[in-house]
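> below: sequence and its predicted model.
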There are 2 protein chains.
Amino acid sequence: MQKDASLTTPAAIRKIVRGGDYSGNTSGFAPGFVQANLVILPKQYAFDFLQFSQANPKACPIIATSRLPGVTDMPTVGEDIDIRSDLPRYRVFKNGQMIKEVTNITEYWRDDLVTFLIGCSFSFEEALIAAGLEIRNITEQRNVPMYLTNIACQKAGIFHANMVVSMRPMKPADAIRAIQICSRFPGVHGAPVHFGDPAAIGIKDINKPEFGDQVSIREGEVPVFWACGVTPQIAIANAAPDFCITHSPGHMLITDIPNSKMAAF
Amino acid sequence: MQKDASLTTPAAIRKIVRGGDYSGNTSGFAPGFVQANLVILPKQYAFDFLQFSQANPKACPIIATSRLPGVTDMPTVGEDIDIRSDLPRYRVFKNGQMIKEVTNITEYWRDDLVTFLIGCSFSFEEALIAAGLEIRNITEQRNVPMYLTNIACQKAGIFHANMVVSMRPMKPADAIRAIQICSRFPGVHGAPVHFGDPAAIGIKDINKPEFGDQVSIREGEVPVFWACGVTPQIAIANAAPDFCITHSPGHMLITDIPNSKMAAF
């Protein structure tokens, strides 16, 4: 990819990705635009999965679903999208096991597949930064720390999981502001689910996240916990549907939707 | 029903209704608790309908879905609910035509039926009144005026409709406050979708609502329009599924959920 291409329009980045010229992660790409997690499931599981997301909107906020099983466009989130080629990297699962990591899923496509796009913390982190708040994982150039909790999501059909949370340390006054700001973005995880004592939600060691990296927590700061998009991945792993495709972590669909459009008010 | 029974707990009212001792409307019953619209569909239509609601959350805000096809409890919204008997009055549809209005649907129950509970404006009207705002349809003891608009909902599977809106006239400063308050209640229609010029959303005569009653609009007031729960009824009428059950208008399920719990923040 040519220099600074990451700063061009979402459509231009998707074209480069579709052409096979970029297969890396999309962190920091197309600032200001929504990036989305991907889940593709056969129609037979689609109601259960949508019901799981509806019952657990903080952990699994749906941005869009495909118009019909088998279609590969996503007109409500971007022009001329082909969901089979426009993400840099995909994971293909059979019976809950990853069988392949690929840059294009055209050969796996079937007429019964339903696409789900799920909101991502990139959007609310941008809103928090715009409000002058520090995001520790960005300052320390690490992946956000994520933890398995004892908070049971509401079960739906074959899908069940305990909630995974991401954590950002903040001074209480900043946490209050973050709660206010994130409340405006229910489509990208919304308000935090917990702050303070990690043990209260079943986290044994705040310095040992199950996913991502450890970040510093400074004097006077409390850990603030948001429902995390890894939760639906756990639900899918638990359900082990016979077929499933997701994005590879960090390798997201860049949509034409401005982050500001995700604000509920 | 004995005097003042309408002011007892939701569970007590449901028991009276289940026993067949009350089949009237539930307006004003159990103040402070969420009342819900009902849609029951065979599982084959359930994904499409949930997808329609997900794509059009202001018009069709889902409060809960049944745990599994065929079950008749709704544990997330109330204790010991039997969805077949706990609403005062139901409408049964075949191929889009109403075939019967009944007070109990036990004889129509099937193992493939999925229940949807949909948020209702009663909840946000209570929040507006608590904030000191006047709700004209309540002051004038009329049903809220509702209008068909030219705002196309996003289609999902067999379900499509233009949005139906309800209207409450307000002074601009009150409308602004109402927008702020309703923004906190995305589960019960959320913020308004339009205010001012009715023609801009395809309403020909503000004094001739398609549903409900006309209310006065006073000097200095603007009409304020909210997405309305009649919209999914239009979508169902358009789709004409082979079988469907809804509540009769105004004859709702009274849940154990306090209205205050519907606030997103």
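Sure thing, it's come through. Numbers count the residues shown, from 1 in each chain, chains lettered A, B, ... in the order given.

> quick check: residues of the stretch 101-250 of chain A near chain B?
A:154, A:155, A:156, A:157, A:179, A:180, A:183, A:186, A:190, A:191 (C-beta under 8 Å from any C-beta of the partner chain). In this view, the C-beta of every residue, glycine as well, is placed from N, C-alpha and C.

> make it 7 Å
For the stretch 101-250 of chain A, the residues in contact with chain B (C-beta under 7 Å from any C-beta of the partner chain) are A:154, A:183, A:186, A:191.

> name the helix or strand for the closest residue to the third one other than its chain neighbours, please.
Looking back up the chat, that one is residue A:186. Using C-beta to C-beta, 6 or more residues apart in numbering or on different chains and skipping the chain neighbours, the partner closest in space to residue A:186 is residue A:264 (5.5 Å). In this structure, residue A:264 sits in neither a helix nor a strand according to DSSP states H and E.

> ranges for the helices of the stretch 1-150 of chain A?
For the stretch 1-150 of chain A, the helices defined by DSSP state H, counting those that start in this stretch occupy A:10-18, A:43-55, A:121-130, A:136-139.

> pick the most buried one from those.
Ranked by mean neighbour count under mean count of other C-beta atoms under 10 Å in any protein chain shown, these are led by helix A:43-55, which reaches a mean of 22.

> so how far is residue B:238 from the closest residue to chain B within the stretch 1-150 of chain A?
Nearest residue of the stretch 1-150 of chain A to chain B: residue A:47, at 3.7 Å (C-beta to the nearest C-beta). Remark: distance between residue A:47 and residue B:238 (C-beta to C-beta, to the nearest Å) = 20 Å.

> state the pLDDT value of the residue located most distally from the centre of chain A.
Relative to the C-alpha centroid of chain A, counting by C-alpha atoms, centre = their mean, residue A:219 is the outermost residue, at 29.9 Å. Reported pLDDT at residue A:219 in the predicted model: 96.

> could you look up the SS state of it?
Under DSSP: H, G, I helix; E, B strand; the rest coil, residue A:219 falls in the coil class.

> likewise the one 4 residues further on?
The three-state assignment at residue A:223 reads strand, by three-state DSSP.

> so which bits of stretch A:231-245 are buried?
Using 16 or more other C-beta atoms under 10 Å in any protein chain shown as the test for burial, stretch A:231-245 gives A:231, A:232, A:233, A:234, A:235, A:236, A:239, A:241, A:243, A:244, A:245.

> just stretch A:19-35 next, same as before
By neighbour count with 16+ other C-beta under 10 Å, stretch A:19-35 contains the buried residues A:22, A:23, A:26, A:29, A:30, A:33, A:34, A:35.

> and chain A, what are its domain boundaries?
Domains of chain A are assigned by automatic domain parsing as A:5-120+A:240-260, A:122-232.

> next, the distance between the ends of the shortest one.
The first residue of domain A:122-232 is 17 Å away from its last residue (C-alpha to C-alpha, to the nearest Å).

> same thing with the first one?
Using C-alpha to C-alpha, the end-to-end distance of domain A:5-120+A:240-260 comes to 22 Å.

> how much space between the nearest residue to the residue of the stretch 1-150 of chain A closest to chain B once chain neighbours are set aside and residue B:68?
Computed as C-beta to C-beta, 6+ apart, the closest residue to residue A:47 that is not its neighbour in sequence is residue B:47, at 3.7 Å. Plainly put, residue B:47 is 14 Å away from residue B:68 if you go by C-beta to C-beta.

> just to revisit the earlier point, show me what contacts the residue of the stretch 1-150 of chain A closest to chain B?
Shown in contact with residue A:47 (C-beta atoms under 7 Å, 6 or more residues apart in numbering or on different chains): B:46, B:47, B:50.

> could the residues you listed be laid out in CSV, adding pLDDT?
Shown next, in CSV, are those (pLDDT from 0 to 100):
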residue, pLDDT
B:46, 97
B:47, 96
B:50, 97
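
> let me know the closest of those residues to chain A.
Distances from chain A to the contacts of residue A:47, taken by C-beta to the nearest C-beta, are shortest for residue B:47, at 3.7 Å.

> how about low-confidence regions in chain A?
Low-confidence segments of chain A, defined by pLDDT under 70: A:1-3.
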